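1. Provide a 3D model corresponding to the input given below.
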Amino acid sequence: MTVETKRSFCRFCHASCAMLVDVEDNKIKAVRGDKDDQLFGGYTCIKGRQLPDMHNLPDRMLTSKLRQKDGSFKDISTADALALAGARMKKMVEEHGPHSIAVYCGTNAFQNSAVLGTAYAFTQGIGSRNYYTSVTVDQPAKVFTTARYGMWMGGGNAFEESDIAMFVGNNPITSHYSSGLPPFSPSRRLRDAKERGLKLIVADPRVSEMGKLADIYLPVKPGEDPALLAGMLNVILAEKLYDQNFVAAHVDGVEELEAAVKPMTPDIAAKRAGVDRDDLIKAARMFAGANKGRIVTGTGPEMAGNGTLTEYLVASLNILCARFNQEGEKTAVPMVFNPLSGGPKKAQVAPPMPMFGEGFPQSRIRGLGHLGKEMPCNVLADEILTPGEGQIKAFISIGGNPEIAFPDQQKVRRALEECELFIQIDPWMSASAKRADIILAPSMCLEREDINNVSDAFCEEPYAHYTEAMVPAPGDTMDEYEMLWWLAKHMGIEMNYPGGAVSMETCPDKATVLDLISVGSLLKPSKAKADAAALDRKGAAITYHDLHPVVGPADPDCENRFNLAAGAMPNELTEYTINDPVKDGFDFRLISRRSKHRYNSNGHPFPKLVEKMPTNPAFINPEDLKQAGISDGAIIEITSPTASIFGMAKADKKIRRGVISMSHAFGDSDAGKDDVMTKGSSTNRLIVDDDWLDPITGQAMQSAIPVRVSKA
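-> The predicted model follows:
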């Protein structure tokens, strides 16, 4: 057969790297970077280069599965499985009400451009409050809490125009969907930026790839990011280094913030954060003294127990130093396909936008409720396990792996097993799929149409890529959005998108659904599809320079201002200052880390990635290993106040003393000492979901976990 080369983009992670795909006999044979692409220039990451393995795995599910009474699975046609599931859920709604149905969209759901919008339309059609996504697992504060202080309608400074950048607990060279650095050959972009004069500040308990390039590296203690940030604010406010004209014109609550950070003197803040006092002061002066730039965080600081406070302090630094685009400047992130970009871009503060609290749907668990449109994942297991009105009876997991990704692993497993109807949409037998009553077999990324709406948030140009399916979907697989439509049809509910309803007689095509999801965006997906098809380089990406929004003038009567004293802040800083989470007998702090060979809980089935990283090493400073009498490569037991896991000790002098660094989504609840070298262990087993919580988002502490270490 002749090999045909087509243009597409990678949907393993959020970067959406442009690729050339070799197809032979309707099978994916090879992928490589598209050197002619204007944004990526041939760049791809190691994960994306595994797409052929992903599509052609021998044990990939090509038909759906139904659990039998003895626990085994038998094949069932996807159409029959959907009809069965729809009928059962319809009956559950009739008997137990709409909140008996829950939907979770995990990491891979974000890689299918139509799934999140369709999943939300599905839950809204039912009338259920139980819509969940992985955002509330690792970074809810970043998304849902900072809008209450005010948002600048012109957006923040672009990385390419910045002369300062500070990264707190994130490593975008490895984690390509991290904020602050565009994920298009990030290492090269960072080095180019430094050559043009960018100053880089990195705060991280380990010397990551970013830390190696930093002008100032701050080895902050796990969980003590608020001390570092408050110390920097103390310096900036005391020395009046902030943009006084901007603050006078646009910011309230400065006096309250100044009073809250006053006790965090450089000496006190540096001691608690575990950094050098002079470096802290130097970092504050360097950040405030720059013209343009941002401070951004990763998931690590949010997962360390003080996510809302950390994001508040980051927002305060950016606001005081006026790190925003002004009138006449282009917006930093045009977001071609994202409806959020449809609003006016003005040099002014938007009205406050509450995204949680009074007026939002409430969970039955721990007094928590909706964050924006979704329920926090930290209540899901208890919503399944807790009897009574509103108990979840049916749970649909799309593109996720809750048993591995969620905190309190043993409870999550119990919830999945006890749920009356657990439906897992999964291309392989993951840890969560093993618990399912029905496994639905989805098509995969190169077998469907898509747009690059996930990477929109990282593109500093109006870059649009609409890709056709490279090959037909094999076997009895189906696009996830189509599965949800069929479930809705069998349940007799309507599907309403932001752009209107779809017919419930015939399943709509992908472009139609994407247009309905993206209404109000800069460009209709169907227009991008037609434009891409008409190119000489058919299917290539297009940069729509004429669509790039420019920040307009403020409204003459605008009275909105930032309010740094809104809600619980900055009083929460005072509580943090007097609270020290140290626990006797647990002298180490275990932090989460990203791996270039994994994407959250994905990557475990792929041979080449497993060969590179077969287990989940516990990286520890060599001096700590020596003091504990543990040899490099030994199997160790890591114990928290809740549980124990096993790991392979790996000496790493880049880790600060008293810290263990491990990936947070490995193994499954069966993993133990005997198979730690082939499965790895999930650090989520070490924590519970009803203690050590962020007071606003309810997020469990999944990093900076107090632990002790011993020989296994």
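2. for the stretch 101-250 of the chain, what spans make up the helices?
-> 115-126, 135-138, 140-144, 186-195, 209-212, 225-238, 244-250 (DSSP state H, counting those that start in this stretch).
3. Throw those helices into CSV and include mean pLDDT, thanks.
-> Listed next are these as CSV, based on pLDDT from 0 to 100:
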stretch, mean pLDDT
helix 115-126, 98
helix 135-138, 92
helix 140-144, 92
helix 186-195, 88
helix 209-212, 88
helix 225-238, 98
helix 244-250, 98
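4. distance to Met491 and mean neighbour count added to those, as CSV?
-> Every residue, glycine included, has its C-beta placed from N, CA and C. Shown next, in CSV, are the helices of the stretch 101-250 of the chain (distance: least, CB to CB, whole Å; neighbours: other CB atoms under 10 Å):
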stretch, distance to Met491, mean neighbour count
helix 115-126, 7, 24
helix 135-138, 25, 24
helix 140-144, 29, 24
helix 186-195, 43, 16
helix 209-212, 47, 19
helix 225-238, 45, 26
helix 244-250, 48, 14
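5. so which of those is nearest Asp624?
-> helix 209-212 (18.7 Å; CB to CB).
6. what does the closest one rub up against?
-> 167, 170-174, 187, 190, 200, 202, 204, 217, 654 (CB atoms under 8 Å, 6 or more residues apart in numbering).
7. in TSV: these, plus distance to Ala81.
-> Shown next, in TSV, are the contacts of helix 209-212 (distance: CB to CB, whole Å):
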residue	distance to Ala81
Phe167	45
Asn170	40
Asn171	40
Pro172	40
Ile173	42
Thr174	38
Ser187	44
Leu190	47
Leu200	51
Val202	48
Asp204	45
Tyr217	52
Lys654	48
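8. please report how far the residue nearest to Gly567 when sequence neighbours are not counted lies from Pro140.
-> Excluding its sequence neighbours, the residue lying closest to Gly567 (CB to CB, 6 or more residues apart in numbering) is Arg148, at 5.6 Å. Separation of Arg148 from Pro140 (CB to CB, to the nearest Å) stands at 13 Å.
9. equivalent analysis for Ser64, please.
-> 32 Å.
10. show me the shaky parts of the stretch 201-350 of the chain.
-> 341-342 (pLDDT under 70).
11. quick revisit: can you tell me which of the contacts of helix 209-212 are buried?
-> 167, 170-174, 190, 200, 202, 204, 217, 654 (16 or more other CB atoms under 10 Å).
12. what pairs with Ile101 across the strands?
-> On the basis of DSSP bridges, Ile101 is bridged to Ala394.
13. touching, Thr386 and Ile365? I think so.
-> Yes - shown here, Thr386 and Ile365 form a contact pair, counting by CB atoms under 8 Å, at 6.8 Å.
14. of these two, which one has the most company?
-> Ile365 (20 against 15; other CB atoms under 10 Å).
15. give me phi/psi at the nearest residue to that one once chain neighbours are set aside?
-> Distances taken as CB to CB, 6+ apart place Val379 nearest to Ile365, at 4.0 Å, with adjacent residues excluded. With angles defined as degrees, to the nearest 10, Val379 sits at phi -110, psi -10.
16. list the residues that contact Val379.
-> Contacts of Val379 by CB under 8 Å, 6+ apart are 363-366, 368, 689, 698.
17. between the helix or strand hosting Asn318 and helix 225-238, how big is the angle?
-> Assigned by DSSP states H and E, Asn318 belongs to helix 307-320. Helix 307-320 and helix 225-238 are oriented at 20 degrees to each other (axes from the mean of the first three to the mean of the last three CA atoms, to 10 degrees).
18. show me what helix 307-320 is packed against.
-> Counting contacts by 3 or more CB pairs under 8 Å, 6 or more residues apart in numbering; DSSP states H and E, helix 307-320 packs against helix 140-144, helix 225-238, strand 293-297, helix 571-578.
19. helices or strands up against the next helix or strand after that helix?
-> Downstream of helix 307-320, the next assigned helix or strand under DSSP H and E is helix 380-385. Counting contacts by 3+ CB pairs under 8 Å, 6+ apart, helix 380-385 is packed against strand 101-105, helix 409-418.
20. check the offset of the shortest one from the chain's centre.
-> Taking the mean of its C-alpha atoms, strand 101-105 sits 17 Å from the chain's own mean (CA atoms, centre = their mean, to the nearest Å).
21. who touches it?
-> By CB under 8 Å, 6+ apart, strand 101-105 touches 89, 92-93, 115-116, 119, 122-123, 126, 128, 130-134, 377, 380, 383-384, 392-400, 402.
22. which non-adjacent residue is nearest Gly125?
-> Distances taken as CB to CB, 6+ apart place Ile493 nearest to Gly125, at 3.9 Å, with adjacent residues excluded.
23. returning to what we had before: any idea which of the helices of the stretch 101-250 of the chain gets closest to Cys13?
-> The nearest among the helices of the stretch 101-250 of the chain, by CB to CB, is helix 186-195 at 12.1 Å.
24. so Ile384 touches Ser397, yeah?
-> No - the pair Ile384 / Ser397 is not scored as a contact, 11.7 Å apart, by CB under 8 Å.
25. quick one, which of the two is more surrounded?
-> Ser397 (29 against 24).
26. helix/strand/coil for the more buried one?
-> strand (DSSP: H, G, I helix; E, B strand; the rest coil).
27. let's see the pLDDT reported for it.
-> Reading off the confidence values, Ser397 has pLDDT 98.
28. what about it, distance to Trp692?
-> Ser397 is 25 Å from Trp692, by CB to CB.
29. circling back to that earlier point, of the contacts of helix 209-212, which is the nearest to Asp22?
-> The closest of the contacts of helix 209-212, once distances to Asp22 are taken by CB to CB, is Ser187, at 26.5 Å.
30. residues in contact with that closest one?
-> Contacts of Ser187 (CB under 8 Å, 6+ apart): 173, 209.
31. before we move on, what about Ala634?
-> Per CB under 8 Å, 6+ apart, neighbours of Ala634: 648-649, 711-712.
32. so where's the chain shaky on pLDDT?
-> Ranges of the chain meeting pLDDT under 70: 1, 14, 175-179, 341-342, 580-584, 595-612.
33. which residue is nearest the centroid of it?
-> Val135 (5.2 Å; CA atoms, centre = their mean).
34. now that one: closest residue in space that isn't a chain neighbour?
-> Val143 is the one closest to Val135 (CB to CB, 6+ apart), at 5.5 Å.
35. and the one you found, how far is that from Ile404?
-> 22 Å.
36. before we move on, what about Ala214?
-> 32 Å.
37. great, nothing more from me.
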